[in-house]
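Novice: here's a sequence, model it:
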Amino acid sequence: MKIQNSYELLVFLKSLGYLKNPPHPLWWPNAGSFEVVVGAIFVQNTKWEQAFKVLNRLRDKGILSLEALANIPYKDLEVLMSDLGFFRQKAQRSILICQNILEDFGSFEEFCKSVTREWLLAQKGIGNESCDSILCYGALQDEMVADKYTYKLLKSLGYELEGYEEIKEWLKEGILENFSKVCELYGYEIPLNTLYARFHGKIVEYCKTQKF
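Specialist: Residues are numbered from 1 along each chain as shown. Predicted coordinates for the structure are as follows:
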């Protein structure tokens, strides 16, 4: 299979039917909500299922909110996350980013409007993938996520794109250069945030079935 650009990759994945009926229109569960912020931390080097198990536990306890997690005693959160990989580190970083969001933005709503990549990347424990996941799925900004699945998929297609930014730019370039064709493919002028989110979701779901 020869894929010339990311538009052709999107066409290929869409032809296979990925994300026809996702649990959420943007693929990430509860996209557009605060929980994406801590979810992006929980899922680092961890299976999705385990991370969301912890999110649901916090929700059941009534503490899955910006204010609650900013003020929870560290040891209490650690106990609730003890079956998660690197739970001590993730508990610390989750509390810290919640405190910083409140201090710098005042609310999650204002955070979504005003947060930048630079601000997120300056937060402890937030790398490129977590940053773009929060921007795309949490703040609903026009950011494309590139992850280990994307790297492995492109490598299997013969591409030698090593750095995160290089992979991300490859994904965006073909889409933006062929955006009118993308809209024809979907049958309407799809918002860029929605497109990036669903494109990333298709890549992940495809790679899971191919066992990359």
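
Novice: identify the residue spatially nearest to the spatially most central residue of the chain, adjacent ones excluded.
Specialist: The residue at the geometric middle of the chain, judged as the C-alpha nearest the mean C-alpha position with CA atoms, centre = their mean, is residue 133 (2.5 Å). The shortest distance from residue 133 to any non-neighbouring residue, by CB to CB, 6 or more residues apart in numbering, is to residue 40 (4.4 Å). Every residue, glycine included, has its C-beta placed from N, CA and C.

Novice: correct me, but the one you found touches residue 130?
Specialist: Yes - between residue 40 and residue 130 a contact is recorded at 4.5 Å, counting by CB atoms under 8 Å.

Novice: among those two, which residue is more densely surrounded?
Specialist: Between residue 40 and residue 130, residue 40 has the larger neighbour count (other CB atoms under 10 Å), namely 28 against 23.

Novice: for the one helix or strand the more buried one maps to, packing partners?
Specialist: Under the assignment given by DSSP states H and E, the secondary-structure element containing residue 40 is helix 35-42. When contacts are defined as 3 or more CB pairs under 8 Å, 6 or more residues apart in numbering; DSSP states H and E, helix 35-42 sits against helix 48-60, helix 87-104, helix 128-133.

Novice: quick one: contacts of it?
Specialist: With contacts defined as CB atoms under 8 Å, 6 or more residues apart in numbering, helix 35-42 is touched by 28, 30, 51-52, 54-55, 58-59, 64, 66, 69, 81, 84, 90, 93-94, 97-98, 101, 108, 125-126, 130, 133-134, 137-138.
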